[in-house]
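> Based on what follows, work out the 3D shape:
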Amino acid sequence: MRVELDCSLMTGRAETHDYLKEKFFFPEYYGNNLDALHDCLTDLDNVEITITVPEEDGAIFQKVQKTRYVGGGPTS
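This next block holds a predicted model:
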């Protein structure tokens, strides 16, 4: 799975949870809180996440994070 996150769209708590739910295809029962976010993220397998953060000077910072979660938690 490949997910691109634009941090400029995460302007508040509710907006952030809605955005992440949409981008990661979280289930309808997603609880819109950090515990639910942790639970849903650790259920993912083979995720490549690109995070785009706009800087104040107009530059764009991007980070690519490749993560593999198996069995409900991070693996080594």
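
> quick one, what contacts the spatially most central residue of the chain?
The chain has Leu20 as the residue nearest its centroid, 5.4 Å off, counting by CA atoms, centre = their mean. Leu20 sits next to Leu5, Met10, Phe26, Leu37 when contact means CB atoms under 8 Å, 6 or more residues apart in numbering. Every residue, glycine included, has its C-beta placed from N, CA and C.

> can you give me the strands in this protein?
2-6, 47-54, 60-67, 69-70, 73-74 (DSSP state E).

> In terms of mean pLDDT, which of those strands ranks lowest?
Out of those, strand 69-70 stands lowest, with a mean of 46 (criterion: mean pLDDT).

> I'd like to know how many residues surround the closest residue to Ala14 other than its chain neighbours.
Of all residues not flanking Ala14 in the chain, Asn32 sits nearest, at 7.0 Å (CB to CB, 6 or more residues apart in numbering). Residues lying near Asn32 (other CB atoms under 10 Å) number 14.

> and Ser8, what is it in contact with?
Thr52, Val53, Pro54.

> if we go to 7 Å?
When contacts are counted by CB atoms under 7 Å, 6 or more residues apart in numbering, Ser8 touches Pro54.

> can you tell me how far it sits from Pro54?
5 Å (CB to CB, to the nearest Å).

> Kindly report the same for His38.
26 Å.

> before we move on, the earlier item: what about the residue nearest to Ala14, distance to Thr52?
In terms of CB to CB, Asn32 sits 23 Å off from Thr52.

> and if you look at His38?
From His38 to Thr52 the distance is 22 Å (CB to CB).

> ditto for Leu41
18 Å.

> Could you pull out the buried residues of the longest helix seen in the chain?
Using DSSP state H to define each element, the chain has its longest helix at helix 13-24. For helix 13-24, the neighbour count (16 or more other CB atoms under 10 Å) marks Thr16, His17, Asp18, Tyr19, Leu20, Lys21, Phe24 as buried.

> thinking again about what came up before, double-check the residue nearest to Ala14 against Tyr19; I have them as touching.
No. Counting by CB atoms under 7 Å, Asn32 does not reach Tyr19; the two are 11.1 Å apart.
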